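Colleague: Next come a sequence and a model predicted from it.
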Amino acid sequence: MGDAYQKYRFSAISIKKEVAVRFRAFSRLVSDSHTQTLEAIMNFFEWNDLHPHDDLGLKNNRTNKRINAVIAILKNIEKYQTLPTKAMLDTLFHEMSQVEEKEAEEAVDFGPPDTFTRDRELEQYRERYEAMQQQLGHQNNQVRQLLAQLTYVKGTFGKGHYKLDMDKNELEQFKKQLHDVHHDHRPEG
């Protein structure tokens, strides 16, 4: 780093000690050297067309002009984009409400719903119960067959484990059957 600064010529500036201490602390926060810090500060003021003694409040004419320009842009957006879009949406919602009112007036009456007698309803529940019992028995048989194919293998370095004597295709088919039974089990209407 010392070699990089040897090609530059430096100049000393006399400033008050308190200001120098304050600048050094500020410089550590901003950049690696005092030169870079001072250069960044000067660039900021030049690029933003500011003077250190400028009042950045609303009393500044340049600031007022910028604020007025932003206000003009927002009014333009509101006039040419927001209000027409709102008008189109209002028209669309108004037309949709008219269509819904017409559909409500033209609704088809299907008559009273079919009522089940108590005996028919009980018969339907009994049939469903018997089908579920049969399905449960089938599932129990499949689980018993699966458990019959398990053999205990004693581990050489710790706990033993169970091994399933089934090829991959059979296992996948068993998983698919369980999945299908679970998802196809919906009440009949």
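Modeller: Sure, I can see it.
Colleague: For the helix or strand hosting Asn43, name the packing helices and strands.
Modeller: Secondary-structure element containing Asn43, defined by DSSP states H and E: helix 34-47. Judged by 3 or more C-beta pairs under 8 Å, 6 or more residues apart in numbering; DSSP states H and E, helix 34-47 is in contact with helix 17-30. Every C-beta, even on glycine, is put in place using the N, C-alpha and C of the backbone.
Colleague: and the helix it packs on, how far out from the chain's middle?
Modeller: A distance of 45 Å separates the C-alpha centroid of helix 17-30 from that of its chain, computed with C-alpha atoms, centre = their mean, to the nearest Å.
Colleague: tilt between that helix and helix 34-47?
Modeller: Comparing the axes of helix 17-30 and helix 34-47 via axes from the mean of the first three to the mean of the last three C-alpha atoms, to 10 degrees yields an angle of 80 degrees.
Colleague: returning to what we had before: only alpha carbons, please: show the helix holding Asn43 as CSV.
Modeller: What follows is the C-alpha trace of helix 34-47 in CSV, where atoms were taken according to Å, rounded to 0.1, in the frame of the first residue of the first chain:
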residue,chain,number,x,y,z
HIS,A,34,-8.1,10.9,4.1
THR,A,35,-7.6,11.7,0.4
GLN,A,36,-10.3,9.3,-0.7
THR,A,37,-12.7,10.7,2.0
LEU,A,38,-12.2,14.3,1.0
GLU,A,39,-12.6,13.4,-2.7
ALA,A,40,-15.8,11.6,-2.0
ILE,A,41,-17.2,14.6,-0.1
MET,A,42,-16.3,17.0,-2.9
ASN,A,43,-17.8,14.6,-5.5
PHE,A,44,-21.0,14.4,-3.5
PHE,A,45,-21.5,18.2,-3.5
GLU,A,46,-20.5,18.6,-7.2
TRP,A,47,-22.6,15.7,-8.5
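Colleague: how much space between Thr37 and Val21?
Modeller: The spacing between Thr37 and Val21, counted by C-beta to C-beta, to the nearest Å, is 14 Å.
Colleague: Tell me which of the two has more neighbours.
Modeller: Thr37 (18 against 10; other C-beta atoms under 10 Å).
Colleague: could you point out which element follows the helix ranked longest in the chain?
Modeller: Among the segments of the chain that qualify as a helix by DSSP state H, the longest is helix 118-148. Later in the chain than helix 118-148, the nearest helix or strand by DSSP H and E is strand 150-153.
Colleague: In the sheet, which strands lie alongside that next one, parallel or antiparallel?
Modeller: Note on strand 150-153: by DSSP bridges, its sheet partners are strand 161-164 (antiparallel).
Colleague: Which residues outside the strand it pairs with are in contact with it?
Modeller: Residues outside strand 161-164 that contact it (C-beta atoms under 8 Å, 6 or more residues apart in numbering) are 146, 149-153, 155, 171.
Colleague: how would you label Ile15: helix, strand or coil?
Modeller: Remark: Ile15 carries the secondary structure label coil [criterion: DSSP: H, G, I helix; E, B strand; the rest coil].
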